[in-house]
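Asker: Provide a 3D model corresponding to the input given below.
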Amino acid sequence: MLSRDELLQAIQPYATVSEFDIQSLRFKEAREYGFVIAKGSGYIIDTIVISSGLESSHMVREGDPIGFGEVLTRKQSFFTFTSTRDVEILQIDADFIRERVAKAGLLAREMIRYNLSRIFDRKRPRPNAVFEDQLLAAYGDRVGEVEVNAGETIYEQSAFATHFYFIEQGQVGLFSDNGNEVGVLKPTECFGEASLITNTQRSLKAVANTDCVLRTLDAKFFKDQIAGEHPLVQLSLLQLSKHLMFENHSKLFVEGDSISW
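Answerer: Purely as a prediction, here's the structure:
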């Protein structure tokens, strides 16, 4: 995975200075483009307001992508944006982004599809029903298998990422450091990719709620596969991963809790 600075440089041939300002990026007319912050910084703001009057927000900086998920689904943004100082935004044509993502390799394509389904609530009983077969066919003996007993911790919040996981059997709970359950994942679902894509420590604790059989890819192999993708595919993955992390942050923010990111 390229760094934000490297991605910002790599997209220059496909990008132009945006006709929109950061406050307008929520609206339908801005869905013709994906955006990247070229200079300055701003905040993504959720509409959740807790009793103290505070809003859940997260800073976006130079090199951060905005709106790629909305481009790929042709939907309007959940969030509003504001700037903290002068911001310059680059825009990339939505059709070109969709074209590059359609040509992505197996791992990147499946991560994008799966994360879009989680963000935009496209519920299916077995969301990745053929993904395990595809993993085994594409990567063979690079795919590991681990059995985890009920109650066992798979990784701690704030731990450094070592693997990507696919659930073959069982259920996995994702928890904040205060013990709040953020979500439960079931067979054919995957987890652990966000820290690898964003190059951050684990944002949540993963625990086997039942006895589990997990398929794995080690961190270096996973990152090498993503690093070979087009910069716009990498930006799509980065924005979707950060979107999910921000959603988790917003849920816990209401309870006075937080994730690590």
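Asker: Where does the prediction get shaky in this structure?
Answerer: 27-30, 46-56, 78, 84-85, 121-127, 249-250, 253-256, 258-261 (pLDDT under 70).
Asker: Please tell me how far residue 6 sits from residue 42.
Answerer: Distance, residue 6 to residue 42, using Cβ to Cβ, to the nearest Å: 21 Å. C-beta: built from backbone N, CA, C; applies to glycine.
Asker: Only the buried residues of stretch 86-104, if you could.
Answerer: For stretch 86-104, a neighbour-count test (16 or more other Cβ atoms under 10 Å) marks 87, 89, 90, 91, 92, 94, 97, 98, 100, 101, 104 as buried.
Asker: Neighbour count: residue 6 and residue 42, which is higher?
Answerer: Here residue 6 and residue 42 are compared on neighbour count by other Cβ atoms under 10 Å; more neighbours surround residue 42, at 24 against 13.
Asker: Bridged to the more buried one, which residues?
Answerer: residue 60, residue 83 (DSSP bridges).
Asker: isn't it right next to residue 25, touching?
Answerer: No: counting by Cβ atoms under 8 Å, residue 42 does not reach residue 25; the two are 9.3 Å apart.
Asker: Common neighbours of the two, please.
Answerer: Both residue 42 and residue 25 are contacted by residue 81, under the criterion Cβ atoms under 8 Å, 6 or more residues apart in numbering.
Asker: Mind checking which of the buried residues of stretch 86-104 land in strands?
Answerer: Among the buried residues of stretch 86-104, the ones falling in strands (DSSP state E) are 89, 90, 91, 92.
Asker: and of those, the nearest to residue 210?
Answerer: Distance ranking of these against residue 210, using Cβ to Cβ, places residue 92 first at 43.1 Å.
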